[in-house]
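> Return a 3D structure for these sequence lines:
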Amino acid sequence: MAQETSKSIYDFNVKDIRGNDAGLSEYRGKVLLIVNVASKCGLTNSNYKELNVLYEKYKNKGFEILAFPCNQFGGQEPGNNEEIQEVACSRFKAEFPIFDKVEVNGKEAAPLYKFLKSQKGGIFGDAIKWNFTKFLVDKAGKVVERYAPTTSPLKIEKDIQNLLESS
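Numbering: from 1, shown residues only. The predicted model follows:
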């Protein structure tokens, strides 16, 4: 069981969108962008569009996007997992993995998110402020950067390239 002292994100197990156990260790050696997503947010269209561009460009080069639906911000992800998957995959054409809906703040926050926030706090404290907060993780499973919800995914591209090129 992963404790707060986990050394990397590979120590965590999560549930996929179908409720099956998924170990993040299967992403070992890849550069990851972990994002809390929502279907009905003002940032949804632009973020999914740009995440898809990044995914298409780098998925065969060792890059993966891990999307975690969350309904803690303005009730903007109200659906069940089936509905979320339908919206993400049909309307927004997401091909990257979408996981079980989680909480990212508070006592019920997913252990993965507690870890991410402990590694890279925000400017105004550790709490996730809104949908589409992004965490960039290097090939060793270390959280290297945190981006605000309003940071365009394409603005992160150079950081992704740098991590993919590093050994």
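
> CA atoms for contacts and neighbours, from now on please.
Noted.

> in this structure, which spans are helices?
44-58, 81-86, 111-119, 157-165 (DSSP state H).

> pLDDT weak spots in the protein?
Applying pLDDT under 70 to the chain flags residues 1-6, 122-125, 167.

> Now with 80, please.
Scanning the chain for pLDDT under 80 picks out 1-7, 121-125, 167.

> quick one, strands of it?
Ranges of strands in the chain, per DSSP state E, are 13-15, 21-23, 31-37, 63-69, 134-137, 143-147.

> how about the last one as CSV, C-alpha atoms only?
Yep, that's strand 143-147 we're talking about. Taking C-alpha atoms only, strand 143-147 is exported to CSV below (Å, rounded to 0.1, in the frame of the first residue of the first chain):
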residue,chain,number,x,y,z
VAL,A,143,6.8,15.1,-10.4
VAL,A,144,8.8,17.9,-12.1
GLU,A,145,6.3,20.6,-12.8
ARG,A,146,2.7,21.8,-12.0
TYR,A,147,0.7,24.0,-14.4
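
> Need the contact partners of that strand.
Outside of strand 143-147, the residues within contact range by C-alpha atoms under 8 Å, 6 or more residues apart in numbering are 8, 116, 119-122, 133-138.

> Looking at those residues, spot the one nearest residue 149.
Proximity of those to residue 149 (C-alpha to C-alpha) peaks at residue 133, which lies at 4.4 Å.

> need the helices of the chain in TSV with mean neighbour count, can you?
Below are the helices of the chain laid out as TSV (neighbours: other C-alpha atoms under 10 Å):
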stretch	mean neighbour count
helix 44-58	17
helix 81-86	17
helix 111-119	20
helix 157-165	15
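
> would CSV of these with distance to residue 95 be doable?
Shown next, in CSV, are the helices of the chain (distance: least, C-alpha to C-alpha, whole Å):
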stretch, distance to residue 95
helix 44-58, 7
helix 81-86, 10
helix 111-119, 22
helix 157-165, 18
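
> Next one: residue 39 from residue 130, what distance?
13 Å (C-alpha to C-alpha, to the nearest Å).

> next one: residue 77
Residue 77 is 12 Å from residue 130, by C-alpha to C-alpha.

> same deal with residue 71?
Taken as C-alpha to C-alpha, the spacing of residue 71 relative to residue 130 amounts to 10 Å.

> Same check on residue 88?
Plainly put, residue 88 is 18 Å away from residue 130 if you go by C-alpha to C-alpha.

> Thanks again, I'm all set now.
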